[in-house]
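K.L.:
Just a sequence and a predicted model for now, questions to come.
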Amino acid sequence: MTRCALITGITGQDGSYLAELLLAKGYQVHGLRRRSSTFNSARIEHLYQDPRDPDTRLFFHYADLTDESRLIRLLRRIQPDEVYNLAGQSHVGVSFDEPEYTGDTVGLGAVRLLEAIRTAELDCRYYQASSSAMYGTVPGPQSEETAFRPTSPYGAAKLYAHNATTIYREGYGMFAVSGILFNHESPRRGETFVTRKVSRAVARIQAGLADYLYMGNLDGVRDWGYAPEYVEGMWRMLQADEPRDYVLATGRSYTVRDFVVAAFEHAGLDWEKHVRTDERYLRPTEPEALIGDASRAERELGWQAQVHGKQLVEIMVDADAAALKYEGAPWVDRPRDWPPR
Ligand code: NDP
Ligand code: GDR
């Protein structure tokens, strides 16, 4: 029988890769998308299927995690076997500007979805997109047993959602799990997250379209992996015999400066000539070093990150350079695999 999955946040980086993965595994996939005044579907356009075609397995529904009754109605109609909650305001810096909205979509949003599953009396498996931002200042390497001490409204909202997921699992017997994912990146990463901001700027500087890249804290330490590998880990968590939380990470750490230097080097540029600091990008508080210990996922799910460091930098810089080339000159014949995935 065809399995059915619902993805909130399908228009985001992870949602788009997860939709691809589940379609390839034969699932019927339903994605929630927000209404916006311009198209917000660039990352999933290549997956589009005509809803009039009887063989279509991908469907989109307008919905927002702030709208509980809509969630209940959709869940009743779709009756998914698996629900992946990837939606919400996901930018840590922005969460200091919009703490209430971040709490509403990231924290309460998850509770609304869990309550909607209960109200609709569904027997489904639930995945919560938890984050290494919940660890905050606790020294690494961080595992599932590490205490949480978030340093941002975003981290605090994720921790609320994380705790709620545990409560629904233990209190109501739901198969509800949290994946505590460390930073994962790709050419589809939002343009204001640091890796993509850097790869995009490097491509523009190399093409002569910009001179400078303005950055915040270069000393932050992160564990950056490759997003397509991480959505495979999410799926494996929902296929396990027992519901358990898992860390997904590479276990390797780099500073933001390391990433910047490698990206400029890859493009044959001297980073010191082009990088300037702008205190607008500094945050009031932030985790110093996030480094994950994913040994439980390796042991129990057979999951292990492969791509990190220089390889990740090169994937992202090359994709942005190619994007610039083809978008800047629309008359050029684009390669068959355009746009870069
Ligand atoms: P993105 O920011 O790329 O995607 C977020 C998605 O949520 C988008 O589809 C966005 O829609 C949607 N969304 C935002 N607000 C709402 C709302 N109120 N109602 C419904 N949908 C909404 O994030 P990622 O794909 O990178 O991450 C996926 C999830 O995993 C997020 O929850 C993030 O916080 C979490 N996470 C991410 C990590 C990472 O390194 N990428 C690490 C750990 C956790 P729209 O396209 O319209 O903006
Ligand atoms: P993070 O990722 O906060 O870890 O959250 P981000 O890429 O935003 O920042 C990483 C580090 O880079 C520093 N930094 C800058 N960051 C941004 N965005 N812009 C800048 O100009 C800049 N300059 C320096 C930051 O201070 C920080 O130290 C991401 C998100 O995807 C969350 O949703 C997710 O939960 C966590 O990763 C794990």
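P.N.:
That came in fine, so what should we check first? Residues are numbered from 1 along each chain as shown. Ligands and ions are numbered 1, 2, ... in the order given.

K.L.:
hey, what's the closest residue to Arg57 other than its chain neighbours bridged with?
P.N.:
Take Arg57 and drop its neighbours on the chain: the residue closest to it by Cβ to Cβ, 6 or more residues apart in numbering is Gln28, 4.7 Å away. For the C-beta atoms, the positions are set from N, CA and C on the backbone; glycine is no exception. According to DSSP bridges, the residues that bridge with Gln28 are Cys4.

K.L.:
From the structure, what's the count of residues near Gln28?
P.N.:
Neighbours of Gln28 under the rule other Cβ atoms under 10 Å: 18.

K.L.:
what's the spacing between it and Leu6?
P.N.:
Going from Gln28 to Leu6 by Cβ to Cβ, to the nearest Å gives 10 Å.

K.L.:
Isn't the residue nearest to Arg57 up against Ile7?
P.N.:
No: shown here, Gln28 and Ile7 do not form a contact pair, counting by Cβ atoms under 8 Å, at 11.5 Å.

K.L.:
overlap in contacts of the two?
P.N.:
With Cβ atoms under 8 Å, 6 or more residues apart in numbering applied, the contact sets of Gln28 and Ile7 do not overlap.

K.L.:
Excluding sequence neighbours, find me the nearest residue to the residue of the chain found nearest ligand 2.
P.N.:
For the chain, the residue closest to ligand 2 is Gly220, as judged by Cβ to the nearest ligand atom, at 2.6 Å. In space, and not counting its chain neighbours, Gly220 is closest to Val256: 5.0 Å by Cβ to Cβ, 6+ apart.

K.L.:
For Val111, see how far away the one you found is.
P.N.:
33 Å.

K.L.:
so what pLDDT did the residue nearest to Gly220 get?
P.N.:
For Val256, the pLDDT comes out at 98.

K.L.:
and if you look at Asp337?
P.N.:
68.

K.L.:
Likewise for Arg334?
P.N.:
72.

K.L.:
got the contact list for it?
P.N.:
Counting by Cβ under 8 Å, 6+ apart, the residues that Arg334 touches are Tyr326.

K.L.:
and if you look at Gly233?
P.N.:
Counted by Cβ under 8 Å, 6+ apart, Gly233 has contacts 179, 181, 246, 248, 297, 301, 303.

K.L.:
who wins for neighbours among those?
P.N.:
Neighbour max across these (other Cβ under 10 Å) = Leu248, 29 neighbours.

K.L.:
Tyr126: what's it in contact with?
P.N.:
Neighbours of Tyr126 in contact, by Cβ under 8 Å, 6+ apart: 82-83, 85, 113-114, 117, 165, 168, 174-177.

K.L.:
Between all of those residues, which two are separated the most?
P.N.:
Glu82 and Tyr168 (15.2 Å; Cβ to Cβ).

K.L.:
returning to what we had before: so which of the contacts of Tyr126 also contact ligand 1?
P.N.:
Among the contacts of Tyr126, no residue is within reach of ligand 1 (Cβ under 6 Å from any ligand atom).

K.L.:
ok, Arg244 - contacts?
P.N.:
Counting by Cβ under 8 Å, 6+ apart, the residues that Arg244 touches are 177, 237, 296, 300.

K.L.:
any idea how far Cys124 is from Pro243?
P.N.:
With Cβ to Cβ as the criterion, Pro243 and Cys124 are 12 Å apart.

K.L.:
Check which helices and strands the lowest-mean-pLDDT helix or strand in the chain sits against.
P.N.:
Least confident helix or strand of the chain, by mean pLDDT, DSSP states H and E, is helix 309-328 with a mean of 91. Helix 309-328 is packed against helix 194-206, strand 225-226, helix 256-266, with contacts defined by 3 or more Cβ pairs under 8 Å, 6 or more residues apart in numbering; DSSP states H and E.

K.L.:
could you dump those to TSV with distance to ligand 1 and mean neighbour count?
P.N.:
As requested, the helices and strands packed on helix 309-328 are arranged in TSV below (distance: least, Cβ to the nearest ligand atom, whole Å; neighbours: other Cβ atoms under 10 Å):
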stretch	distance to ligand 1	mean neighbour count
helix 194-206	9	23
strand 225-226	8	23
helix 256-266	14	20
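
K.L.:
Can you redo the ones you listed as CSV, where the extra columns are distance to Gly12?
P.N.:
Formatted as CSV, the helices and strands packed on helix 309-328 follow (distance: least, Cβ to Cβ, whole Å):
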stretch, distance to Gly12
helix 194-206, 13
strand 225-226, 16
helix 256-266, 21
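
K.L.:
So which of those is nearest Thr2?
P.N.:
The closest of those to Thr2 is strand 225-226. By Cβ to Cβ, the value is 28.8 Å.
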